[in-house]
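In: quick one, fold the following:
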Amino acid sequence: MKTMLNPKRILVTKFRAMGDTILLTAALKELHKNFPLAQIHVAATEPWIWLLEGFPGVTKLWPITWHHDRAARTKAATRLAFQLRKEKYDLVCGFHSSPAAAMVALSTGANIRAIHFHSFKAKNMYSTVIIPGKGMMKPVIERDLDTIRGLGLEVPEGSMPKIFLKDEERSFANEEFKAWGFKNPVLGIALGASRPTKIWPLHRYAEVAHQWVNETKGGVLVIAGPGEEALVEEFYKAIPLDSEIRKSIQVMPPANVRTLAARISQLNVLVGNDSGPRHLATALDVPTVTVFGPEHPLEWHPYPQNMHPRLFLEPLACRNNSEPGSPPWCGLRECIVEAHQCMNKIGSEQVNQEILRVYREYGKNIGI
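Out: So this is what the prediction gives:
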């Protein structure tokens, strides 16, 4: 069914983490494609929202700090809702909404609201349209696209995320790489993840760095965010102080999200855990290799395997926290009984092979 909507002003909301914000861009592309004359406003979480600067059709960004404390979160959401109501939106699209986020959408007063709760059991609160695919396990991008399919839009499967950078942002990152003494090609290693059990052993990443420098004579950029200093320290412990490899490694200095994106855009390949930086690399057309452990890739790896392979060990009986109908999943923050086998049994040689393959096939024309 082809939609007859003709909104002049659209609000999009998604109050989640970096990866969720990046994946949202697939739906933003489709909204702009179907409503090219509409102004699209986006309300999303600090600091990730600034990745959407310069996105086609997006004319205003509404940043919000989405607090863990419920009272603080409700207060911030209420303040934002009062501001948004003045904008008089024709259409609101809420992606992966919480009750507070759904309240924000309702409070705008928009007559048409497509609000999707991804949970199997939760209702799509305050949505005025029926969202297809409810209760089906699918990639997060497709669930986001279901939100706008509920408006009657004909949206094909397979839409990919996209982040837009200015030429000067890319140029500045390129000059940084030269100042750091990098030789082309450059491998990015993203060490962190949302919880410890999603992190591949740090000594394996050190082995990957060693292999990359030996094979390509290039450089390595280690990516670690605030609070991940211990990961960098453990990574370096696996590389001898007198090793020549150390001269080819640079730990990325602190940066805002736009600078992070610009630096990642200069990489030839990025390898990492299931975390925000590899979504960012994908949205910047940088080939990636992702190591998955406790969580199944179905939801969080909607990317073509040729350019963005993932390593995942299955089946494992210890992934036993899934609801019926969901793929195998484990929610542990620390794994002792099973000795973190989901990650420990993935060897560095397997990862190295994929890194070198995607570099040779897709990554040679990127970087300094």
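
In: please make it C-alpha for all contacts and neighbour counts, starting now.
Out: Noted.

In: look up how far Tyr236 lies from the residue lying farthest from the centre of the chain.
Out: Outermost residue of the chain with respect to the C-alpha centroid, by Cα atoms, centre = their mean, is Asp242; its distance is 36.1 Å. Separation of Asp242 from Tyr236 (Cα to Cα, to the nearest Å): 12 Å.

In: and Glu168, by the same measure?
Out: Distance from Glu168 to Tyr236, by Cα to Cα: 32 Å.

In: what of Pro63?
Out: In terms of Cα to Cα, Pro63 sits 36 Å off from Tyr236.

In: likewise Ala77?
Out: Counting by Cα to Cα - Ala77 and Tyr236 are separated by 42 Å.

In: show me which of these two is the more surrounded one.
Out: Ala77 (21 against 17; other Cα atoms under 10 Å).

In: can you list the low-confidence ranges for this structure?
Out: Applying pLDDT under 70 to the chain flags residues 1-4, 119-121, 367-368.

In: do that again at 50, thanks
Out: 1-2 (pLDDT under 50).

In: all strands of it, in order?
Out: 9-14, 39-45, 58-64, 91-95, 112-116, 186-190, 219-223, 249-251, 269-273, 288-291, 310-311 (DSSP state E).

In: can you name every helix or strand that the fifth one contacts?
Out: Strand 112-116 sits against strand 91-95, helix 99-107, helix 140-149, with contacts defined as 3 or more Cα pairs under 8 Å, 6 or more residues apart in numbering; DSSP states H and E.

In: cutoff 10 Å now
Out: For strand 112-116, the packing partners by 3 or more Cα pairs under 10 Å, 6 or more residues apart in numbering; DSSP states H and E come out as strand 9-14, strand 91-95, helix 99-107, helix 140-149.

In: ok, which of those comes nearest His301?
Out: helix 140-149 (8.6 Å; Cα to Cα).

In: got the CA positions of the closest one in PDB?
Out: Once non-C-alpha atoms are left out, helix 140-149 reads as follows in PDB (Å, rounded to 0.1, in the frame of the first residue of the first chain):
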ATOM      1  CA  VAL A 140      17.500  -3.900  14.500                       C
ATOM      2  CA  ILE A 141      17.600  -2.000  11.200                       C
ATOM      3  CA  GLU A 142      14.700  -4.000   9.900                       C
ATOM      4  CA  ARG A 143      12.700  -3.300  13.100                       C
ATOM      5  CA  ASP A 144      13.400   0.400  12.600                       C
ATOM      6  CA  LEU A 145      12.300   0.200   9.000                       C
ATOM      7  CA  ASP A 146       9.100  -1.600  10.200                       C
ATOM      8  CA  THR A 147       8.300   1.600  12.100                       C
ATOM      9  CA  ILE A 148       8.000   3.600   8.900                       C
ATOM     10  CA  ARG A 149       6.500   0.700   6.900                       C
END
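
In: show me what that helix is packed up against.
Out: Using 3+ Cα pairs under 10 Å, 6+ apart, helix 140-149 sits against helix 18-34, strand 91-95, strand 112-116, helix 297-300.

In: possible to save the strands of the chain as TSV with mean neighbour count and distance to Pro161?
Out: Formatted as TSV, those follow (neighbours: other Cα atoms under 10 Å; distance: least, Cα to Cα, whole Å):
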stretch	mean neighbour count	distance to Pro161
strand 9-14	23	15
strand 39-45	22	16
strand 58-64	17	15
strand 91-95	26	15
strand 112-116	28	19
strand 186-190	27	19
strand 219-223	25	21
strand 249-251	18	27
strand 269-273	28	16
strand 288-291	26	14
strand 310-311	20	17
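
In: right, and these - which one's nearest Lys29?
Out: strand 58-64 (9.8 Å).

In: partner strands of the closest one, with direction?
Out: Under the criterion DSSP bridges, strand 58-64 sits next to strand 39-45 (parallel) in its sheet.

In: isn't Ile131 right up against Leu151?
Out: Yes - here Ile131 reaches Leu151: they are 8.2 Å apart, a contact under Cα atoms under 10 Å.
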